[in-house]
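K.L.:
Generate coordinates for the sequence data below:
(chains A and B)
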Amino acid sequence: MDFTLSPDQTMIKESVDKFVADAYGFDARMKLSASEAGFSRDHWKTYADLGWLGIAVPEDRGGFGGTPIETMILMEAFGKGLVLEPFVPTVVLGGTALAHGSTSGAHDDLIEAMIAGDLLLSLAYAEANSRYDYSIVETTAKRDGSDHVIDGKKRAVPYGAAADKLVVSVRTSGGSHDRDGITLVLVDGNAPGVTRHDYVTVDGQRATDIDFDGVRVPADAVLGEPGKGLGLLEFVLDSGVAALSAEAVGNMSVMQRTTVDYIKTREQFGVPIGSFQVLQHRAVDMLIELELSRSMLYYGTVAIAENSSPAERKRAVSATKAQIARSGRVVGQSAIQLHGGIGMSEEYMIGHYFKRMSMLELALGDADFHLRRFVAEGVNPHARTNGAAASQKQLVGSIN
Amino acid sequence: MDLSFSPEDLRFREEIRAFVASELPASIKQKMQLGEELSRDDYVTWQKIMNAHGYLAPNWPVEYGGTNWTIVQKHIFDEELATGFAPRQLPFGVSMVAPVIINFGSEEQKKYYLPRILSSEDWWCQGYSEPGSGSDLASLSTRAERDGDHYVINGAKTWITLAQYANMIFVLARTDPAAKKQKGISFILVDMTTPGVTVRPIETIDGGHEINEVLFDNVRVPAENLVGTEGGGWTYAKFLLEHERNGTAGVAGSFQMLDRLKQIASEERQNGSTLIDDIDFAKRIAEVEVRLTALSYAQLRSLANEHATKSPGPESSFIKITGTEIQQAITELMMEAHAYASFDKRTLSASMYFNFRKTSIYAGSNEIQRNIIAKRMLGL
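P.N.:
From the prediction side, this is the model:
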C-alpha cells in the first residue's frame, strides 16, 4: 500500500505541470478553443516529443510501457489547464482499443503513427437509442465476401472531425440489445459513406455525429474477436472513465483552490466574505468532495492498472465515476455560487471549469448509469470480503 | 503507487480472521450481529482475550505493549474485527487517555496506568463536556483548586459514555480562573471511587443508557494525578480529540453495518421479490457504499500521511464528518428497509437510527469540524 509517486512518475508530473503552466494560460486557451480545429497541432507534436502519446502502450509494441497511473498523472494536469488536445479519444480510447484489440501485430503501424503524433483516433460507440449503454448497438456490419459493410449512426464522437481513424462498435449478429454479436471495427475517417456532422461542445471542445451509409471495410479492420467485442469495449471505456476521472480531479482542484482564494479577497460589509461561517462551511464541503474524489480516483485507476478481474474492475470504475460525478457537481455549483456574479461571467475562468466539469459528469456515463452498473456487478451481502479477495490480484485477464 | 495488499499483509489478514473466528465468544458475536447492547462483562471478556494475544493496543509504542504494525496492518486488523462481528474497541483508555499519558505523562503515570489499561483493571471515561460547555469546550467551569498536595475538584461533567462501568475518569478542569480561557485548563486523572464523585444516568431518545452525568463535590485528588504541566491541559485535550476523530470515522464498522443492511434488504419481501432487487433501493445502498469506499481510501491516505508526519493532521476532521454522515445514512436505510417492522422496539433498527444521531454531535460536532477545517486547512 503506497500512495506516493515513483521518481519516474514524479518527473512526468513535473514535465506536464510545466507544459500546462506555459501553454494553457486562460487567454491562450480561449483563443485555441475558438480556432478552426479547437486544439493545437503544435502542442500535439510536443506531446509526441515528450513521449506522452505512447505512455500506456506496452514497450514491445513501441510504447513506453506505462500504467494507467502515468495516464492519470497526465490527465490530472490536463484537467487543471482545461487542455483541449484530443488525448483521451486518441490515446486512451483509440489507443487502448488498438493495443488490446490487435494482438497479431496487424495494426502496429497505426500504433507507431499514433505514438509519433501522426495519427488521431476516436471512439464511436454512442447511439441515439443507447444513451450511455454501450451494449445497445443498432449500427450493423454485414458480411460481404471478406469485407464488412456498415450502416448506422453514431453520436457525440469526441473530436470525430479530426480523427484519421475511428473505432466503431457495430453489430455483426444478434438483436440490438444482445451482449453477444458486438464487434469493434476500424474505419477511415473519410471513407466513402462516412458523413461527419461536427459541432462545438458547451465546454469549448469538439464532437461529431457520424452517419455510416454502406461503409465498406476489409477483414483486417476488425479489432479483437468478431462478435465478442463487448469485453474489449468495456475495457476501453473503463480506461476512458479512469482518465476522465483524473481530469475531473484536476479540474475540481482548481475550482476548489480558486474559490477559497476568492472568498479570502472579496470584501462585502467591510470584511472578506470568507469570514462568514456559512461560506466557510460550503468551502469545506468542496474540499471534502475533492479529497473523496481523489481517493476514489486512486482506487479506480489501480483497479485497471492491476489487471483486476473484469467484475471487480467494473465495480471499481463505476464506483469511481459515480463518486466523481456527484462530487464534481457539488464542487462546480459551489464554485459558481461562492463567486457570485463573476462566476456567471464568460470572461472569467471559473465558469469554464464548471462547464467542463459538468460535461465530465456525463461523459462515458453519468452517476445514475454507473450506480446501476455498480449494482449490476453485485450489491451482494459480502461486497467487502469480495473486494479483499479481488485485491489478491486474481490475474484473470483484463478483457475476458 | 500501489494499493494492493502484499503477500505478508494477506497472511496477516488470514491470521487475524482466524483469531476472531476462534476466540470471539459466540454469545458476544450473536449480540453484535443482532445489534444488541453489550454488558460490561462482554467488553471486559473480549478486551482480556485481545490483550492475551497482544492485540489490545496496536497504536502504542512497542515498549508499552504496542504491536509495531504498519498502517496497512492496522487497517486490516480493524476490518477483520468488524467483519467478524467483534465488539468495537472502546477508545477511552487505549486510544484516548493512553496516548496523552504516553506523550505528556510522567514516568510514574506511564508505569502505573498503562498496564492497568491493558489488563482491564481500569475502565476509563472522558470528562470533557459540561452542561454549559459543549462546542465551546474551553469555556468549561469545573474547578480544580490546589490544596497542599491535592487538587479539590468541583463541577459537573456530562454526556459521558459508559461512565456507569468506569472506575477512572480524565477530567479537564480550570486550575487558574484568572488566565485566558484556554490557558487555565489542566488535565487531571481521577479515581471515581473517591468520595464526592456521583454518576447519574441519562436516558437517550433510543431508549438506551449509554451516557451519564458525573458530578464532583469537593473531590480530593492527589496532585501527582495532574498530567503534564498545570495549565497545559488544552494542548493535551486537542491532541486527544485529533486522535479520537480518526477513530470516530468508524469505516470498518460501517462496512459491517452495510452488510447488515444488505442482509435486511435481501430478507425483506415485496410483491414476490425482495427489497434488494428493487433498483431504487439498491441504488440508494450503492450510493452509500460508493461514498464509504471513497472514505476508506481517504482514511488510508490520511493514515499514510500520519505515519509520515507522526501526527494526525486536520484532515482527521473531514474523515470524522464524512464517516459519521455515512453511519447515519446507513441507519436511515436500515430503518426504512424494515418498514413496519421498524415500529417494533425489538427489531432495533429504529432505535439504532435514533442512537446514531449522536455521531454528528460527539467528538466535536460536525459544524465545529467544519470550522476547524476552514481555519486550519483553508486558512479562512
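
K.L.:
Now do the end-to-end distance for stretch B:168-188.
P.N.:
Using CA to CA, to the nearest Å, one end of stretch B:168-188 lies 11 Å from the other.

K.L.:
Figure out how far that stretch is from the centre of its chain.
P.N.:
Distance of stretch B:168-188 from the chain centroid (CA atoms, centre = their mean, to the nearest Å) equals 23 Å.

K.L.:
Buried residues in that stretch, which are they?
P.N.:
Across stretch B:168-188, burial judged by 16 or more other CB atoms under 10 Å in any protein chain shown covers B:168-175, B:184-188. The C-beta positions use only the backbone N, C-alpha and C, and glycine is treated the same way.

K.L.:
Pipe the residues you listed into JSON lines and attach secondary structure per row.
P.N.:
Listed next are the buried residues of stretch B:168-188 as JSON lines, based on DSSP: H, G, I helix; E, B strand; the rest coil:
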{"residue": "B:M168", "secondary structure": "strand"}
{"residue": "B:I169", "secondary structure": "strand"}
{"residue": "B:F170", "secondary structure": "strand"}
{"residue": "B:V171", "secondary structure": "strand"}
{"residue": "B:L172", "secondary structure": "strand"}
{"residue": "B:A173", "secondary structure": "strand"}
{"residue": "B:R174", "secondary structure": "strand"}
{"residue": "B:T175", "secondary structure": "coil"}
{"residue": "B:G184", "secondary structure": "coil"}
{"residue": "B:I185", "secondary structure": "strand"}
{"residue": "B:S186", "secondary structure": "strand"}
{"residue": "B:F187", "secondary structure": "strand"}
{"residue": "B:I188", "secondary structure": "strand"}
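
K.L.:
How far does stretch A:213-233 stretch from one end to the other?
P.N.:
Length of stretch A:213-233, first residue to last, CA to CA: 23 Å.

K.L.:
So for that stretch, mean pLDDT?
P.N.:
What stretch A:213-233 shows for mean pLDDT is 96.

K.L.:
With stretch A:267-286 instead?
P.N.:
98.

K.L.:
what comes up buried for that stretch?
P.N.:
Residues of stretch A:267-286 classed as buried: A:P272, A:I273, A:G274, A:L279, A:Q280, A:H281, A:R282, A:A283, A:V284, A:D285, A:M286 (neighbour count, 16+ other CB under 10 Å).

K.L.:
Helix or strand for the fifth one, just tell me which one.
P.N.:
If you go by DSSP states H and E, A:Q280 is part of helix A:277-305.

K.L.:
Show me what secondary structure element comes after that helix.
P.N.:
Once the chain leaves helix A:277-305, the next helix or strand it forms, by DSSP H and E, is helix A:310-339.

K.L.:
contacting residues for the closest residue to A:P58 other than its chain neighbours?
P.N.:
Distance criterion CB to CB, 6 or more residues apart in numbering or on different chains; nearest residue to A:P58, sequence neighbours excluded, is A:G65 at 5.6 Å. Counting by CB atoms under 8 Å, 6 or more residues apart in numbering or on different chains, A:G65 touches A:V57, A:P58, A:E59.

K.L.:
Tell me the secondary structure at the first one.
P.N.:
Read it as A:V57. Under three-state DSSP, A:V57 comes out as coil.

K.L.:
so who does residue 101 touch?
P.N.:
Picked chain A for this. Neighbour list for A:G101: A:V167, A:L184, A:L223, A:G224, A:G229, A:L232 [criterion: CB under 8 Å, 6+ apart].

K.L.:
that answer is for a different chain, and I need it for chain B
P.N.:
Counting by CB under 8 Å, 6+ apart, B:I101 makes contact with B:Q109, B:K110, B:Y113, B:L114, B:V227.

K.L.:
if you look at those residues, which of them are in helices?
P.N.:
Those of those mapping onto helices are B:Q109, B:K110, B:Y113, B:L114, per DSSP state H.

K.L.:
circling back: farthest pair in the buried residues of stretch B:168-188?
P.N.:
Distance extremes for the buried residues of stretch B:168-188: the farthest pair is B:M168 and B:G184 at 23.5 Å, using CB to CB.

K.L.:
still on that earlier bit, what's the closest of the buried residues of stretch B:168-188 to B:F85?
P.N.:
For the buried residues of stretch B:168-188, the nearest to B:F85 is B:M168 (28.3 Å; CB to CB).

K.L.:
Please verify my assumption that that closest one contacts B:D122.
P.N.:
Yes: counting by CB atoms under 8 Å, B:M168 touches B:D122, with 4.8 Å between them.

K.L.:
who touches both of those two?
P.N.:
With CB under 8 Å, 6+ apart as the test, B:M168 and B:D122 both reach B:G93.

K.L.:
re earlier: from the ones in helices among the contacts of B:I101, which would you call buried?
P.N.:
Using 16+ other CB under 10 Å, the buried members of the ones in helices among the contacts of B:I101 are B:Q109, B:Y113, B:L114.

K.L.:
just to revisit the earlier point, which of the contacts of A:G65 tops the neighbour count?
P.N.:
Highest neighbour count within those, by other CB atoms under 10 Å in any protein chain shown: A:V57, with 22 neighbours.

K.L.:
Please identify the residues of the stretch 251-380 of chain B in proximity to chain A?
P.N.:
Proximity of the stretch 251-380 of chain B to chain A (CB under 8 Å from any CB of the partner chain) is limited to residues B:255, B:258-259, B:262-263, B:266, B:276, B:279, B:282-283, B:285-287, B:289-291, B:293-295, B:297-298, B:300-301, B:304, B:315, B:318, B:321-322, B:367, B:370-371, B:373-374, B:377-380.
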